[in-house]
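# Build the 3D model from these lines:
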Amino acid sequence: MDIFAVLTLIGGLALFLFGMDVMGDSLVKVSGGKLDRVLERLTSNRLKGVLLGLGVTAVIQSSSATTVMVVGFVNSGIMKLTQAVGVIMGANIGTTVTSWLLSLTGIEGGNLLLSMLKPSSFSPILAAIGIILTMTSRGNALRKDVGHILLGFAVLMFGMETMSGAVEPLAENEQFTSILTRFSNPILGLLAGTVLTAVIQSSSASVGILQALCATGAVPFSVAIPIIMGQNIGTCVTALISAVGASRNAKRASMMHLYFNLIGTIVFMIVFYSVNQFVDFAFLDQPASAMGIAVVHSLFNIACCAAWFPFANVLVKLATLTIPERKEERAENVPDELAVLDARFLEKPSFAVQISRDTVIKMAEISGDALQLATELLQDYNENKAKLVESMEQRVDRYEDALGTYLLKVSNLDLSQNDSRMLSILLHCINDFERISDHAVNIRDSAVEMHEKDISITSGGMEEMAVYSKAVQDIVQQTIQAFRTGDLTLARQVEPFEEVIDGLSIEMKQRHITRLRKGRCTMEAGLMLEDVITNYERVSDHCSNVAVCMLQINEDGFDTHEYLELAAEEDSAWFREQCISLKNKYELPEKK
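Numbers count the residues shown, from 1 in each chain. Below is the predicted model of the structure:
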């Protein structure tokens, strides 16, 4: 094997790893974060967890990536350890799908149908379709990602064929054969597989390399089996690294992954080689094939999962014993509400955007609840409610700070068109939701001052304020609902609502001026109501900002003023109709 063959081998390996990376990333983009959302919404049904872990891993082609996601879920409190164990088991089976795809390289025969199943036959077709889809995508993100999936698969298979061709001369190389003979020692083979997989952090890739070496015909099953066992242990390294600095429960999740593979491997090795002493498995001396590697890889992981399944709670207990709970750290059982913005999720941009959106929705709901409480204080003052409004506003501030930092990190990732659009909406809206909570505090402060100074408002003023408050609360809830559901029709109805509230503000201020002139209301009470009205009006302005942002970004434009002008010109009839309906609904009572 000369220097050129070595370079060909390295090039083939590079193409193989690159193809796997491109295909996996594109599959995740096409899923739009749905696969990860499925993982998040697991129930306590362990079998369902196994199947979901299997399915997600089979699609993203990496048990390490799935397990890292699970560690992130456990760290943020989304998933319990008892749920995580099922997913981890399924992930180990799902990762064997890659070895079956790669085993297609070993297909032989003159039959046309069989020949077409060989990657060397159909990969060029997939590559051609992939490049056509990519070059004609013209902003169509889905078509581009599908093209990348096909190209990634073609490159992966081409890299596999290249590696196999490069190592083929090693079949006659005595030095290579003698090195492999050493790995027939189960312990050395186990260590070799562990180290190789730990270095490249992918059991699928390391199994692919082993399958390529099997093309020489010089790798017997006695060498391949211990290496495969080691690969299952080596794949745990990624999850262990990701758990550094995480909560104790997250560390336990990574330890469960290690114990599952480590104990399973040790038990298998002891039983298999003990039986071999008496039975003497003849197939161990036979050359391993790519298909044989896939069979061994799958059988081991399926058997391991089946054996552990009834004793899943033992894995949880082992992990808990390894990382025991400390008295001063029991608070970790109640996770930080913002821990969900985990850096691990940045590895899957689609899910990072989705989890950010969910967090912004929670932030918006807290702001809406704070405004509701502040409004109630105007009608019936309560000290506990007053303190709660301030506490909720501080929570919203923490949300804004954490989301702002996290979203900036997400903005640097490779996002799909839909995710990029959603990220823009989130970045624009978090400030508006935070400002709503600020105005809630301002209204609360006015209520506190009126209570402490015993400022009374006329019955007519309170009746008007009740109608006005209801209108503002309703526009806030409508805006949050539109944001939560992504309903653009509902968002479109916010602008005429805001127009009506502006009209109510003007009318209420005029009525207060009239009462002041007639001496029915004190100057101090008038100033308090003026402040409350102004804050309510600002709240409706922020609702308008959120709704307009949703509409504009989904229409690929950002000119707010232009949008409002178009809304007035093109939809004037619809706009007037909406305004009239809302004016009738929120009509102020007769002047008193």
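# now for the helix or strand that residue 433 is a member of, which elements pack on it?
Taking DSSP states H and E as the definition, residue 433 sits inside helix 417-452. Helices and strands touching helix 417-452, by 3 or more Cβ pairs under 8 Å, 6 or more residues apart in numbering; DSSP states H and E, are helix 349-379, helix 383-411, helix 523-554. To be clear about C-beta, it is placed using only N, CA and C from the backbone, and glycine gets the same treatment.
# Dump those into CSV; add mean neighbour count as well.
As requested, the helices and strands packed on helix 417-452 are exported to CSV (neighbours: other Cβ atoms under 10 Å):
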stretch, mean neighbour count
helix 349-379, 22
helix 383-411, 17
helix 523-554, 21
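# Out of the ones you listed, which gets nearest to residue 59?
Proximity to residue 59 (Cβ to Cβ) singles out helix 349-379 among those, at 12.5 Å.
# orientation of that closest one relative to helix 523-554 in degrees?
If you take axes from the mean of the first three to the mean of the last three Cα atoms, to 10 degrees, helix 349-379 sits at 160 degrees to helix 523-554.
# if I look at the closest residue to residue 435 other than its chain neighbours, how far off is residue 237?
In this structure, residue 435 finds its nearest non-sequential neighbour in residue 542, 5.1 Å apart by Cβ to Cβ, 6 or more residues apart in numbering. Separation of residue 542 from residue 237 (Cβ to Cβ, to the nearest Å): 48 Å.
# what does stretch 472-490 contact?
By Cβ atoms under 8 Å, 6 or more residues apart in numbering, the residues outside stretch 472-490 that reach it are 360-361, 364-365, 367-368, 371-372, 375, 429, 436, 491, 493-494, 497-498, 501, 536, 539-540, 543, 546-547, 550-551, 554.
# And that stretch, what's buried?
Judged by neighbour count (16 or more other Cβ atoms under 10 Å), stretch 472-490 contains these buried residues: 472, 473, 474, 475, 476, 478, 479, 480, 482, 483, 490.
# Using PDB, write out the CA atom coordinates for that stretch.
Once non-C-alpha atoms are left out, stretch 472-490 reads as follows in PDB (Å, rounded to 0.1, in the frame of the first residue of the first chain):
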ATOM      1  CA  VAL A 472     -56.900  46.700  26.800                       C
ATOM      2  CA  GLN A 473     -56.900  43.300  28.500                       C
ATOM      3  CA  ASP A 474     -58.700  41.800  25.500                       C
ATOM      4  CA  ILE A 475     -56.200  43.200  23.000                       C
ATOM      5  CA  VAL A 476     -53.400  41.800  25.100                       C
ATOM      6  CA  GLN A 477     -54.900  38.300  25.200                       C
ATOM      7  CA  GLN A 478     -55.700  38.400  21.500                       C
ATOM      8  CA  THR A 479     -52.100  39.400  20.700                       C
ATOM      9  CA  ILE A 480     -50.700  36.600  22.900                       C
ATOM     10  CA  GLN A 481     -53.100  34.100  21.300                       C
ATOM     11  CA  ALA A 482     -52.100  35.200  17.800                       C
ATOM     12  CA  PHE A 483     -48.400  34.900  18.800                       C
ATOM     13  CA  ARG A 484     -48.900  31.500  20.400                       C
ATOM     14  CA  THR A 485     -50.700  30.000  17.500                       C
ATOM     15  CA  GLY A 486     -49.000  32.000  14.700                       C
ATOM     16  CA  ASP A 487     -52.500  33.000  13.500                       C
ATOM     17  CA  LEU A 488     -52.000  35.800  11.000                       C
ATOM     18  CA  THR A 489     -55.700  36.400  10.600                       C
ATOM     19  CA  LEU A 490     -56.000  37.000  14.400                       C
END
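# Only C-alpha atoms, please: export stretch 498-508 in PDB.
Output in PDB follows, covering the C-alpha atoms of stretch 498-508 (Å, rounded to 0.1, in the frame of the first residue of the first chain):
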ATOM      1  CA  GLU A 498     -55.600  49.400  18.700                       C
ATOM      2  CA  GLU A 499     -57.200  52.200  16.700                       C
ATOM      3  CA  VAL A 500     -60.400  51.800  18.800                       C
ATOM      4  CA  ILE A 501     -58.400  51.900  22.000                       C
ATOM      5  CA  ASP A 502     -56.700  55.100  20.900                       C
ATOM      6  CA  GLY A 503     -60.100  56.600  20.300                       C
ATOM      7  CA  LEU A 504     -61.200  55.500  23.800                       C
ATOM      8  CA  SER A 505     -58.200  57.100  25.300                       C
ATOM      9  CA  ILE A 506     -59.000  60.500  23.700                       C
ATOM     10  CA  GLU A 507     -62.600  60.300  24.700                       C
ATOM     11  CA  MET A 508     -61.800  59.300  28.300                       C
END
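# can you start the count at 15 instead of 1 from here on
From this message on, residue numbering opens at 15, which makes the last subject stretch 512-522.
# for residue 80, helix, strand, or coil?
Judged by DSSP: H, G, I helix; E, B strand; the rest coil, the three-state class of residue 80 is helix.
# Check residue 456 and give its pLDDT.
Listed pLDDT for residue 456 reads 94.
# do you know how far it is from residue 404?
11 Å.
# Likewise for residue 394?
Taking Cβ to Cβ as the measure, residue 394 and residue 404 are separated by 18 Å.
# try residue 353
On the measure of Cβ to Cβ, residue 353 and residue 404 end up 24 Å apart.
# again, but for residue 417
Taken as Cβ to Cβ, the span from residue 417 to residue 404 is 20 Å.
# cool, residue 464 as well?
As for residue 464, its distance to residue 404 is 17 Å (criterion: Cβ to Cβ).
# next one: residue 510
Residue 510 sits 33 Å away from residue 404, taking Cβ to Cβ as the criterion.
# repeat for residue 383
Distance of residue 383 to residue 404, computed by Cβ to Cβ: 13 Å.
# distance between stretch 281-295 and the chain's centre?
Computed by Cα atoms, centre = their mean, to the nearest Å, the chain-centroid distance of stretch 281-295 equals 43 Å.
# contacting residues around it?
Residues contacting stretch 281-295 (Cβ under 8 Å, 6+ apart): 200, 204, 239, 240, 243, 298, 314, 317, 318, 321.
# ok, and the most crowded of these?
Within these, neighbour counts (other Cβ atoms under 10 Å) peak at residue 239, which reaches 28 neighbours.
# got a list of what the closest residue to that one other than its chain neighbours touches?
Nearest residue to residue 239 in three dimensions, chain neighbours excluded: residue 310, at 6.0 Å (Cβ to Cβ, 6+ apart). When contacts are counted by Cβ under 8 Å, 6+ apart, residue 310 touches 235, 238, 239, 242.
# Secondary structure element for residue 310, which one?
Element membership for residue 310, per DSSP H and E: helix 304-322.
# Tell me the gap between that helix and the middle of its chain.
Distance of helix 304-322 from its chain centroid, counting by Cα atoms, centre = their mean, is 29 Å.
# how about that helix: buried residues?
The neighbour-count check on helix 304-322 (16+ other Cβ under 10 Å) flags 304-312, 314-315, 318-319, 322 as buried.
# Turn those residues into CSV, columns for distance to residue 168 and pLDDT.
Putting those into CSV (distance: Cβ to Cβ, whole Å; pLDDT from 0 to 100) gives the following:
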residue, distance to residue 168, pLDDT
304, 18, 81
305, 21, 84
306, 25, 86
307, 22, 86
308, 20, 86
309, 25, 88
310, 27, 88
311, 23, 87
312, 24, 88
314, 29, 90
315, 27, 89
318, 32, 90
319, 31, 90
322, 37, 88
